[in-house]
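sequence first, predicted model second:
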Amino acid sequence: MPSALPNAIVVGAMKCATTAMHRYLDAHPQISMSRLKEVNFFIGPETAPHDDPETWWRSGQWHRGVNWYANLFDPAAPVRGETSPGYTSPDALEAPARMAALIPNARLVYLVRHPVERAVSQYRHHHRDGTERRPLEEALLDPDSHYLARSRYHQRLVPYLERFAVEQILVVVQERLLRDRGGQMGAVYRHLGVDPDWRGDVLAQEFHVGGDPLGIPTRLCESFMDRVGDDVATLRALLQDDLPEWSA
C-alpha cells in the first residue's frame with residue numbers, strides 16, 4: 001500500500017466554503033493538501049469514461065488507480081489531505097465504501113450552512129453556467145433535485161457514519177467559520193491532530209460565500225425548510241447542537 005495516501009478528507013458540502021477550508025488547511029505547516037481541489041478520486045467507473053483526461057475529475061477518477069492517487073500527496077507531511085465536495089453528492093453512492101476500504105483511519109471534515117442559503121448558492125452557480133433555467137422556487141422545491149438532497153446534511157453523512165467512527169467526522173458550521181475563523185479552524189486543526197494554536201495570515205482572508213446577499217423570499221425559505229426540517233432535527237441530535245444560526 002502506498003505510504004502517501006491522505007489521512008484527511010474534506011467531503012463537502014457543496015457551496016459551504018470548502019475552497020476556503022482547503023486553503024486554510026494547506027497553510028498549516030503540518031498539513032499538505034493536494035494541489036488540485038475536487039480530485040474526486042473515490043467517484044466514478046472502473047474504466048476511463050472517455051479519452052479527455054483533463055475532464056475526468058468531473059465524472060470521477062477511481063479508474064486512475066491508487067498509485068496515481070498517492071502521488072498527489074507529500075509523503076513527508078504529517079497530515080495529507082484533499083477536498084472533494086462530490087464525495088457527499090447524492091450521485092456518489094460508491095464513495096464512502098471505497099474511502100473506508102482504502103483509508104479507514106482518515107479524519108473527515110464536513111461543512112454545513114443554512115440549508116436554504118446553500119441551495120440558493122448552488123442554484124446561482126448552475127444558473128450562471130447555463131445548466132439551470134428554471135425559476136428559483138420551481139428548482140429549489142423540486143423533490144428530485146440536488147438542491148434539496150445536498151441540503152439534507154445528515155442524510156448525506158449516513159453512509160460515512162456507517163463506515164467511520166463518529167469521532168473521525170467533524171462537522172463545521174459555515175456561519176461560525178465566518179464569525180470566528182481562528183476558533184473554528186483551531187477545532188479543525190485539533191481534529192486532524194496538528195497544532196491547534198497555529199494562526200497564520202491566511203486566516204485573516206475573507207472567503208467567497210456565493211455572491212451578494214441572497215434575498216430569499218420568506219415563503220420559499222419556509223417551504224424549503226419544511227422539506228428538510230426532519231433532517232435538520234436529526235443533525236441537531238447527532239451534533240447535540242441546536243444550530244441557532246439556522247433558526248427563523
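All right, it came through fine. Numbering: from 1, shown residues only.

export the top helix by length along the chain as CSV, just CAs?
With secondary structure taken from DSSP state H, the chain has its longest helix at helix 218-239. Output of helix 218-239 as CSV, limited to C-alpha atoms (Å, rounded to 0.1, in the frame of the first residue of the first chain):
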residue,chain,number,x,y,z
THR,A,218,-39.8,34.2,3.2
ARG,A,219,-42.4,31.8,1.7
LEU,A,220,-39.7,30.0,-0.3
CYS,A,221,-37.4,29.7,2.8
GLU,A,222,-40.3,28.3,4.9
SER,A,223,-41.3,25.8,2.2
PHE,A,224,-37.7,24.6,1.7
MET,A,225,-37.1,24.3,5.5
ASP,A,226,-40.4,22.3,5.8
ARG,A,227,-38.9,19.8,3.3
VAL,A,228,-35.6,19.4,5.1
GLY,A,229,-36.8,20.0,8.7
ASP,A,230,-36.7,16.4,9.7
ASP,A,231,-33.1,16.1,8.5
VAL,A,232,-32.1,19.3,10.4
ALA,A,233,-33.6,17.8,13.6
THR,A,234,-31.6,14.6,13.1
LEU,A,235,-28.4,16.6,12.5
ARG,A,236,-29.0,18.6,15.7
ALA,A,237,-29.4,15.4,17.6
LEU,A,238,-26.2,13.9,16.2
LEU,A,239,-24.2,17.1,17.0
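
which elements pack onto that helix?
The contact analysis (3 or more C-beta pairs under 8 Å, 6 or more residues apart in numbering; DSSP states H and E) places helix 218-239 against helix 115-128, helix 136-140, helix 146-151, helix 153-161. All C-beta spots, glycine's among them, are computed from the backbone N, C-alpha and C.

switch the cut-off to 6 Å
For helix 218-239, the contact count by 3 or more C-beta pairs under 6 Å, 6 or more residues apart in numbering; DSSP states H and E identifies helix 115-128, helix 153-161 as packing neighbours.

just want the angle from it to helix 115-128.
120 degrees (axes from the mean of the first three to the mean of the last three C-alpha atoms, to 10 degrees).

how far off helix 153-161 does helix 218-239 point, in degrees?
30 degrees.

once you drop chain neighbours, what's closest to V172?
Leaving aside its chain neighbours, V172 sits nearest to L111 (4.8 Å; criterion: C-beta to C-beta, 6 or more residues apart in numbering).

doesn't that neighbour lie inside a strand?
Yes. Counting by DSSP: H, G, I helix; E, B strand; the rest coil, L111 is part of a strand.

quick one: pLDDT of it?
Turning to L111, the model gives it a pLDDT of 98.

distance check, the closest residue to P29 other than its chain neighbours against G183.
What sits nearest to P29 in space, not counting adjacent residues and going by C-beta to C-beta, 6+ apart, is W198, at 6.9 Å. W198 sits 13 Å away from G183, going by C-beta to C-beta, to the nearest Å.
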